[in-house]
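Colleague: generate a structure from the sequence data that follows.
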Amino acid sequence: MSVAPLAGILDIVPYKGGEATIPGIEKPWKLSSNENPLGCSPAAKRAYQAAAEDLATYPDGDHAGLRAAIASRYGLDAGRIMCGSGSDEIFQLLGRAFLDQGDEIVQSAHGFLVYRLTAQQAGAICVSAPETNLTADVDALLACVTSKTKIVFLANPNNPTGTYLPYSEIKRLHAGLPDHVLLVLDAAYSEYVQTNDYSSGLELAGEAGNVLMTRTFSKIHGLAAARVGWCYGPQVVIDALNRVRGPFNISAPGLAAAEAAILDQDFANQSVAFNTRWLSYLTQEIRALGLEVTPSVGNFILVKFPSEAGKTSEAADAYLRSRGVIVRAVRAYGLNAYLRISVGLEEPNRLTVAALKDFMAS
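Modeller: As a prediction, this is how the structure comes out:
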């Protein structure tokens, strides 16, 4: 008998990040991963470099400094914060701590792919609820909840659609869930939202016994390479996650950079202002070409292409790559007719619009 992994493991399709290279093009513009085009806070970079001077010492396994900085920034109890290697690790830890064979998770139809992977890794079943206008539907989500449901994952705003639910709908979703079901609010893009009816879920996670909110340093803070995320919620959930995570799951430079980043609100504000300007530009200019753009509150847009030959999303993707621009195909989400385009610097933003104009006119 040969060595074999657990049943179902080899059925998992690994998550694939946005591409970064184009054969024959030395420095393409990468608009495929929703990264911060302004980079990261200068203070965070300095902190990372300073911490990298001592790579022989283990990092703080308790993440005390970072948790204190996050708690101070948002007025939270540091003891109810847990930090992970990006939001992705937090989701995987949730699977390890709360999911078993035959359990179910519920997500919206076009929810972040890592939720499904989390379920598969635990031998659980992922149930996807229909959406309305590419937006999560509370009634549809609640209709999918059964006695086997352990977690409801909701990205708000959602990736890859860019749509969101107002806080009133989040509260309605929570009110409809049994107490034993954990509601996980993935607020990775929350800092970009500029609408008055939105909440990241911090209040609910602070009050309810079955709500966990997750955040990341990869987006607004521009620390995707450092791999740092955090969550806030009930003490019992935080305690469970701390028992299944690795003892040193975040590097010392990553911790230092994240702590400096959370304190640099000026950089975050600059990033929000930049994104607001160019998100509007991309949306308006691409709609003017006759293409459908889903309203987005994130740092990316979702563009729908015609089904006619030569004008499909695949053809558009290939044309953009020929012009040195990499965007994200979202066929893995069942959105075959769409491309997701991240907000970039001015030059690639304008180049993308010009390339799509030429593509549609060709």
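
Colleague: any regions of this protein where pLDDT drops low?
Modeller: Flagging of the chain using pLDDT under 70 yields the residue ranges 1.

Colleague: contacts only, for Arg73.
Modeller: 262-263, 265 (C-beta atoms under 8 Å, 6 or more residues apart in numbering). Every residue, glycine included, has its C-beta placed from N, CA and C.

Colleague: endpoints of stretch 31-41, how far apart?
Modeller: Between the opening and closing residues of stretch 31-41 we find a distance of 20 Å, counting by C-alpha to C-alpha, to the nearest Å.

Colleague: for that stretch, buried residues please.
Modeller: Of the residues in stretch 31-41, 31-37, 40-41 count as buried by neighbour count, 16 or more other C-beta atoms under 10 Å.

Colleague: which of these sits closest to Pro157?
Modeller: Top of the list for closeness to Pro157, among the buried residues of stretch 31-41 and by C-beta to C-beta, is Asn34 at 10.7 Å.

Colleague: which one's the longest helix in this structure?
Modeller: Secondary structure of the chain per DSSP state H: the longest helix is helix 265-287.

Colleague: now do the helices in the stretch 51-200 of the chain.
Modeller: With DSSP state H, counting those that start in this stretch applied, the stretch 51-200 of the chain shows helices at 64-74, 86-98, 113-122, 138-143, 167-175, listed in chain order.

Colleague: centroid residue for this protein?
Modeller: With the centre of the chain defined as its mean C-alpha position, the nearest residue by C-alpha atoms, centre = their mean is Ala188, 4.7 Å away.

Colleague: got a list of what that one touches?
Modeller: 87, 155, 159, 214-216, 218-219.

Colleague: repeat that with 7 Å
Modeller: With contacts defined as C-beta atoms under 7 Å, 6 or more residues apart in numbering, Ala188 is in contact with 87, 155, 215-216, 219.

Colleague: so which of those residues belong to strands?
Modeller: Using DSSP state E, the members of these that fall in strands are 155, 215-216.

Colleague: state the distance from the closest residue to Gly254 other than its chain neighbours to Asp266.
Modeller: Distances taken as C-beta to C-beta, 6 or more residues apart in numbering place Ala226 nearest to Gly254, at 4.1 Å, with adjacent residues excluded. As for Ala226, its distance to Asp266 is 20 Å (criterion: C-beta to C-beta, to the nearest Å).

Colleague: ok, which of the helices of the stretch 51-200 of the chain comes nearest Ser313?
Modeller: Nearest to Ser313 among the helices of the stretch 51-200 of the chain is helix 113-122; the distance by C-beta to C-beta comes to 17.7 Å.

Colleague: packing partners of that closest one?
Modeller: Contacts of helix 113-122 with other secondary structure elements, assessed using 3 or more C-beta pairs under 7 Å, 6 or more residues apart in numbering; DSSP states H and E, are made with helix 86-98, strand 104-108, strand 125-129.
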